[in-house]
Structures are given as structure tokens and as C-alpha cells.
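K.L.:
One predicted model, sequence on top.
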Amino acid sequence: RGPEVFIHQGALPASDMSEHDVSTDTDPRGPAVDVPAGADAAAAPAAAAAGAPVATEESIKHPFTMNGRVVVGKLLEAGKSMIGKQVVVGGWVKTGRKQGKDTFAFLEVNDGSSRENVQLMVTAETYDITKLVPVGTSVVCRGEVVEPPEGSKQAIEVKVSEVIYVGLCDPTKYPISKGYMTLEKLRENMTFRSRTNACQAVFRVRNALARATHMFFQERGFLYLHAPIITSHDAEGAGEMFGVTTLLAKAEAEVAEPMPTEEDLAVHEGRVTKIEAAITELKAAEKKDTKKIKKEEKGLVKAEVALRDVKCKMASAGGLARKPEDGKIDFSKDFFSRPSYLSVSGQLDAEIYACAMTSVYTFGPTFRAEDSHTTRHLAEFWMIEPEIAFCDIEGDMACAEQYVQFCCKHVLETCRPEMEFFVEKVDKEAINRLETVANTPFVRLTYTDACTLLIEHSKEKKVKFNETVKWGIDLGSEHERYLAEKVFKGPVILYNYPKDIKAFYMRLNDDEKTVAAMDVLVPGVGELIGGSQREEREDVLARRIGEMGLPLEQYSWYLDLRRFGSVPHAGFGLGFERLVLFTTGMENIRDVIPFPRYPGKIL
């Protein structure tokens, strides 16, 4: 069934009501300080003396909220230091159970800020607990933080004195089951999969990686560039792009109009022929009537326009405007007056600003109309694309290595509970893999040497690949992962690839066979980053565009960068979802993006 997604976690104590009666006297242990959940509260005074931040009701509140609601994650971090204090907790019920002959109930509540839930104890006298216990119910409750009975897994719980708000949830209709659901099943419930533990853990890691991305580049002097989403060029030359057009809307409106018939066409053709004959006759007359000739010529222009309109409408299949001479779509009538697409990359745009401001990076959505149903492809995905002027392939590889290591360290430092969840539920090597990449220098290996090594291992029967390795092939995931996972047991950068398998903008090496391209390979995923030194020579770039069969005029603006103040520059692209996939150990890329778009699926 695939990996199980455990939606509800944390055992509920089976104790009776009396075990939850605690004193409400002022805490004699001194001021509360910010200590980890479960830590000995006796450490609070020492932490305060050492200058640690003091946890108060105010410090753990959400800055923009009603009723002074605290953030569950911060409340759990403060732990026992909050015992005796009044708090307002809001969130969604992950598990709920009546106890003590239905005299009270325990609710496990989560607001998405933490992997752990906070436990609330509500009496039947306080509220109708039957309405509170269904999974998915939203609650806002006021109560006192108390110490749970001995043996409980929770460091603290909240004894509710007032239920401020309840968002009812019918358990017979709620699509998220109480036990577990496969990831495949959750993709059918996009509205509510964000309430599951797995999805929330992925989203918090994704958020951390986005934060780390901006931190890394901003701290190193890069400027954040918003690259356009709508473009007229294909940065990759693959042609698998989504078209952007208003012609379809116009076609729908025009379908209501009656289409011209063959008789209509004959009438307009006859009118043009008649006017042409009249003009010929007038010009042949001994005494030319100039005014009449000009009048007839104006009439001819109008008649020819009308005839062309009739031909265009008759040639327009389904109402789409087409050129009558060749039947191709007439984009001159479209919004941008030329073919336009959703961008597959912001790289070419980033080069414009890198060649003026030295160091920039893009971080935004990109699109590819590839009819693929694999676990590694999406129609809409996010790309991180830095561009650096006065930089070669060596600097490019160094930047990629440092960026990946920075992200790994940031997640290990800030998302340890989430990573422990992935180790427990998804991939037991998730943390070890991050630590390996974060602390291991990246091996650098030419594409040619990599092929030689793979061929040798195949001959020695150390490995059997589905696709035979030979120089010139585009190495597949099986080859890339073998190098990273089996041969070097860590991150690898391959560089100097054959020019025929790489994009036109990559700098041609002196051997005229390879380009200064590089790919970063990591365990668990294979290729994580693809980059290159860009071709800064106008003549070579123009030749490469021609060799790829791309229209030169479409890239004239790109060639201008080489005509006026050209500079060596380099950059790379990283699919953000692949980074999340690598970090979490999730198997399907559709499970690491909030709203996956793929063939046949859109929310």
C-alpha cells in the first residue's frame, strides 16, 4: 500500500478524573523560563540566571490572533515552566476520547506549529464533549497548564475551564480516517491532507529549506530576482511548454457567429475581381479619371480585407484564428502578438541582471508540459537559479556544494523532530544522509572518468544497469545513484559533459566535444543540481543555437548580452521539490509540494 501516514499520534492516558486534580497555587519554583518540553523545571532558575529567555504567556502567544491564543509549539517548548499559568489554545483535534463514564474527555490538539500535540482535558460540565472528540474538530479553549499524572507521555497538559469556539466536524463524512491512509489516497483529498502528520512535517521542512535558501544567498551578497512566469522563449530547447493565449476565449465567442459559406467566399472574390477589372479599365482609358481611380483603389483595399477575413474565418478550425496561406495559428491576433508560454526556467532572465549586478538568484514556479507519470516529475515545480558574473565552472561547483551543505545543516538544526519523524515512518537513513552530505567534501569527477568507471564496474559484474553505459549517453538515475550511493557513498559533482546532450547556452570547451556543465549527485535522489559556465562568446553561442535548430531571431536579445560588455558567468538550477525529496526521504515528488499538478490532476 505504500508508506503509511500516521495521522494521529500520542497515547491518551486511561486515568480517571481524580488523577487530574492539581493545585492551582502559585508555582513556588520561581519565574518560568524557556526550557525544552519534558525538561526538569528545576533547571528554570539556573537558565534564568544564565540569561536564557524567559517564557511567559506573552512570549508564546501568536502575534496576530484572537483571544490571546498561544502557539502550541512554543507552549510545548516552554514545557513545565508554564505550569500554573492560564493559556488559550487553538487547533484541530487529532484524537479525542471520552473517559470516566463520559464525565470528561482528553483531546490531542495541534495547530501545525509542532510535530507534537498538546493534550487538553475537558469536563462534561464545561462543554458537550460529544461535539469535541471527533477528529478534525477545531477548538479554541482557555485553561490552566497543569502537570499530567505520573507515567504520562506528555510533559504538560491543559485543564480547560472555558471552550471559546468549536468548529464542528461530522465524523461520518470527514474524508480523513482515524487510523492511517496511504499517500496515494491522501492525494485524492487535497483539501485536508495538510492536516496529516506526514504532510505537516514535509511542509515545515520545506519552509525551512526555503528560509535557508534565502539566508544562504542573501548573506553572500546575492540579489533576489523575480523572474517572469510568462515568456516567449524556451530556455531548455525541449519544446515541452504550456502555451499562454487568449485566442481560445475569443474562439468561444466567435463560435456563436455564423461561419462564412462557399457562397459567401464567391461573393467576396467576385467583388474583388470586379473592382480590379474596373481599375484596369479606368487606367487604360485615354482620359484617366484620377479621382475615380483612387476611389476604386480604396474600395479594392476594403474588399481585399473583407475577403481575407472570410478566408481566415473559413480556415479557423474550431474558431481559432489561422493564416489563410498556410493554415497555421495567427498569433498576431493574440494578447502578446506572438507565441507565449509558461516559463520552464528563469535562467536566461537572471543572466540579464547578473550581467549588470553581478550576483542574483531566482526562486519561483516553473512549468513543463511533459506527459509523465513518474514519481520524479511535476507539471508545476519551483526552481532556485543563481547566476554569478565573473565566475567560471569551478566557482559554480563551489557555490552549489556550499549551498546544499548549508541547507542540510539548517534542517538538521531547526527541524530535528520532523527529521526524527521521517526516520521513524518513512526513511530510516534520512538523518544519516543529511549528516553525510552536510559534512563530506563533494567528489569532483569528469563525465568521461565517470563513464570509464561505470563501464569497468559493469565488466567486473559489480553492477548491472538497465541501460548500457557508453560515452555520449545522458546518464540515468540508476547510474547517478550508483556513483553517489555505492561507489563514493556521498555527494559527487560530474562535469564536462558531451555538448550534444546539454543545452545551447553552456560554454563549449576547447576540445569542441564537451561543454563546461556540471551536475550534483546525492544519495537517495541522484541528480539534485544542474549547472554550467555560460557561453559568453557571441559567435560560438549563435552557432550553438543554430545547431540546436532554434530560431536565431528569438534569441537576439540573449545574444546582445554577448555583443555589449560580455563577461564570463555561470549558474545552476535546482528543483526545489527534489531538494525536499532528498531531505525527507519521501518517495514521490507529488507528496512534497502543497498542491501537485500532473497529467490529469489539478485542484
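P.N.:
Noted; the coordinates are in hand.

K.L.:
rest of the way, CA atoms for contacts and neighbours
P.N.:
Will do.

K.L.:
doesn't residue 439 make contact with residue 406?
P.N.:
No - here residue 406 does not reach residue 439: they are 9.9 Å apart, not a contact under C-alpha atoms under 8 Å.

K.L.:
okay, these two: which has more neighbours?
P.N.:
residue 406 (19 against 13; other C-alpha atoms under 10 Å).

K.L.:
buried sites along stretch 434-453?
P.N.:
Of the residues in stretch 434-453, 434, 436-438, 442, 444, 447-448, 450-451 count as buried by neighbour count, 16 or more other C-alpha atoms under 10 Å.

K.L.:
do the same with stretch 335-342
P.N.:
For stretch 335-342, the neighbour count (16+ other C-alpha under 10 Å) marks 339-342 as buried.

K.L.:
Give me the distance between residue 144 and residue 157.
P.N.:
Using C-alpha to C-alpha, to the nearest Å, one gets 8 Å for the distance from residue 144 to residue 157.

K.L.:
For the two, work out which one has more neighbours and name it.
P.N.:
In terms of neighbours (other C-alpha under 10 Å), residue 157 is the more surrounded of residue 144 and residue 157; the figures are 27 against 19.

K.L.:
Skipping adjacent residues, who's closest to the more buried one in space?
P.N.:
Taking C-alpha to C-alpha, 6 or more residues apart in numbering as the measure, residue 157 lies nearest to residue 119, with 5.0 Å between them; neighbours along the chain are not counted.

K.L.:
follow-up on the earlier one: mind putting the buried residues of stretch 335-342 in JSON lines, pLDDT and distance to residue 558 included?
P.N.:
Conversion of the buried residues of stretch 335-342 to JSON lines gives the following (pLDDT from 0 to 100; distance: C-alpha to C-alpha, whole Å):
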{"residue": "339", "pLDDT": "90", "distance to residue 558": "18"}
{"residue": "340", "pLDDT": "92", "distance to residue 558": "17"}
{"residue": "341", "pLDDT": "93", "distance to residue 558": "17"}
{"residue": "342", "pLDDT": "94", "distance to residue 558": "18"}
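
K.L.:
Just want the most central residue of this protein.
P.N.:
Among the residues of the chain, the smallest C-alpha distance to the mean C-alpha position (C-alpha atoms, centre = their mean) belongs to residue 382, namely 3.8 Å.

K.L.:
mind checking the SS state of it?
P.N.:
For residue 382, the reduced secondary structure class is strand; criterion used: DSSP: H, G, I helix; E, B strand; the rest coil.

K.L.:
wouldn't it be in contact with residue 366 here?
P.N.:
Yes - when contacts are counted by C-alpha under 8 Å, residue 382 is listed as touching residue 366 (5.7 Å).

K.L.:
which residues are in contact with both of these two?
P.N.:
With contacts taken as C-alpha atoms under 8 Å, 6 or more residues apart in numbering, residue 382 and residue 366 have no neighbour in common.

K.L.:
Could you spell out the sheet neighbours of the longest strand along the chain, each with its direction?
P.N.:
For the chain, the strand with the greatest residue count under DSSP state E is strand 86-99. Here strand 86-99 is paired, per DSSP bridges, with strand 69-70 (parallel), strand 104-110 (antiparallel), strand 138-146 (antiparallel).

K.L.:
averaged over its residues, what pLDDT does the one helix or strand residue 283 maps to have?
P.N.:
Secondary structure here is read from DSSP states H and E; on that basis residue 283 sits in helix 262-284. Rounded to a whole number, the mean pLDDT of helix 262-284 is 88.

K.L.:
Check which residues of it are buried.
P.N.:
Burial within helix 262-284, assessed by neighbour count using 16+ other C-alpha under 10 Å, is assigned to 265, 268-269, 271-272, 275-276, 278-279, 282.

K.L.:
Equivalent analysis for stretch 506-517, please.
P.N.:
In stretch 506-517, the ones that count as buried by 16+ other C-alpha under 10 Å are 506-509, 514-517.

K.L.:
so who does the residue nearest to the residue nearest to the centre of the chain when sequence neighbours are not counted touch?
P.N.:
Nearest-residue entry for residue 382: residue 365, 4.2 Å, with adjacent residues in sequence omitted and distances by C-alpha to C-alpha, 6+ apart. With C-alpha under 8 Å, 6+ apart as the criterion, the residues that contact residue 365 are 229, 380-383.

K.L.:
for these, which one is nearest residue 172?
P.N.:
Among the contacts of residue 365, residue 380 lies closest to residue 172 (C-alpha to C-alpha), at 34.2 Å.

K.L.:
Save the contacts of residue 365 as CSV, and put in pLDDT and distance to residue 349 too.
P.N.:
Rendered in CSV, the data for the contacts of residue 365 read as follows (pLDDT from 0 to 100; distance: C-alpha to C-alpha, whole Å):
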residue, pLDDT, distance to residue 349
229, 95, 10
380, 94, 19
381, 95, 18
382, 97, 16
383, 97, 13
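
K.L.:
Mark which of these are buried, thanks.
P.N.:
With burial judged by 16+ other C-alpha under 10 Å, the buried subset of these is 380-383.

K.L.:
Show me what the helix holding residue 283 is packed up against.
P.N.:
helix 290-315 (3 or more C-alpha pairs under 8 Å, 6 or more residues apart in numbering; DSSP states H and E).

K.L.:
tell me which strands and helices the helix it packs on is in contact with?
P.N.:
Taking 3+ C-alpha pairs under 8 Å, 6+ apart as the contact cut, helix 290-315 packs with helix 262-284.

K.L.:
And the residue sitting furthest away from the middle of the chain, which helix or strand is it part of?
P.N.:
Distance from the C-alpha centroid of the chain peaks at residue 286, with 77.0 Å (C-alpha atoms, centre = their mean). According to DSSP H and E, residue 286 maps onto no helix or strand at all.

K.L.:
that older thread, the residue nearest to residue 157 in helix, strand or coil?
P.N.:
With three-state DSSP as the basis, residue 119 sits in strand.

K.L.:
Would you agree it is in contact with residue 96?
P.N.:
No - using C-alpha under 8 Å as the test, residue 119 is too far from residue 96 to be in contact (9.5 Å).

K.L.:
what residues are shared contacts of these two?
P.N.:
With contacts defined as C-alpha under 8 Å, 6+ apart, the residues shared by residue 119 and residue 96 are 106-108.
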